[in-house]
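In: Structural data only, the sequence is not supplied:
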């Protein structure tokens, strides 16, 4: 399964969202501070949206570990947050579960307050530890994904 994780992040580095999507089980789940997705199709479309919107997106990954059922990796992302034009560096810990050789559960964890300070400035500094801002960011992210899926020929 280390090969699956490595293939996933290598595709991410190459902005190959189709390969990334192909590595998710149809019944996969993805979760982070912004997204709570219930299918591999949704997860694939999320990566497509983020990659196509992130013109200066750059990632690096390391510490890939896996056995037959679970895995983990560390990855870093550098990009400009489209809503504010602010530069962001995000450090993420990823956890995976596998089914039928594919990613079945994918959870990314990062320091939301650190991210919000970079991406939102003073608002993130003041409210980044609050559930209010976390919920607002998640609602906006999911709304953006739904709009992207509605415009996409690859609807979930």
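Out: Cool, the structure landed. Quick caveat: nothing in here was measured; it's all calculated off a predicted structure.
In: And the pLDDT at the nearest residue to residue 111 once chain neighbours are set aside?
Out: Take residue 111 and drop its neighbours on the chain: the residue closest to it by C-beta to C-beta, 6 or more residues apart in numbering is residue 91, 7.4 Å away. All C-beta spots, glycine's among them, are computed from the backbone N, C-alpha and C. Residue 91 is assigned a predicted lDDT (pLDDT) of 98.
In: so residue 91, which of the three states?
Out: Put simply, residue 91 is strand when judged by DSSP: H, G, I helix; E, B strand; the rest coil.
In: Near it, how many other residues are there?
Out: For residue 91, the neighbour count with other C-beta atoms under 10 Å is 13.
In: Report the beta-bridge partners for it.
Out: Using DSSP bridges, the bridge partners assigned to residue 91 are residue 76.
In: Would you confirm that it contacts residue 73?
Out: No: in this structure residue 91 lies outside contact range of residue 73 using C-beta atoms under 8 Å: 12.0 Å.
In: that older thread, residues in contact with the residue nearest to residue 111?
Out: 74, 76, 110-111 (C-beta atoms under 8 Å, 6 or more residues apart in numbering).
In: what do you get if the cut-off is 10 Å, keeping everything else the same?
Out: With contacts defined as C-beta atoms under 10 Å, 6 or more residues apart in numbering, residue 91 is in contact with 74-77, 109-111, 114-115.
In: Can you add distance to residue 33 and give those residues back as a markdown table?
Out: What follows is the contacts of residue 91, written out as a markdown table (distance: C-beta to C-beta, whole Å):
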| residue | distance to residue 33 |
| --- | --- |
| 74 | 17 |
| 75 | 15 |
| 76 | 16 |
| 77 | 13 |
| 109 | 8 |
| 110 | 7 |
| 111 | 9 |
| 114 | 11 |
| 115 | 7 |
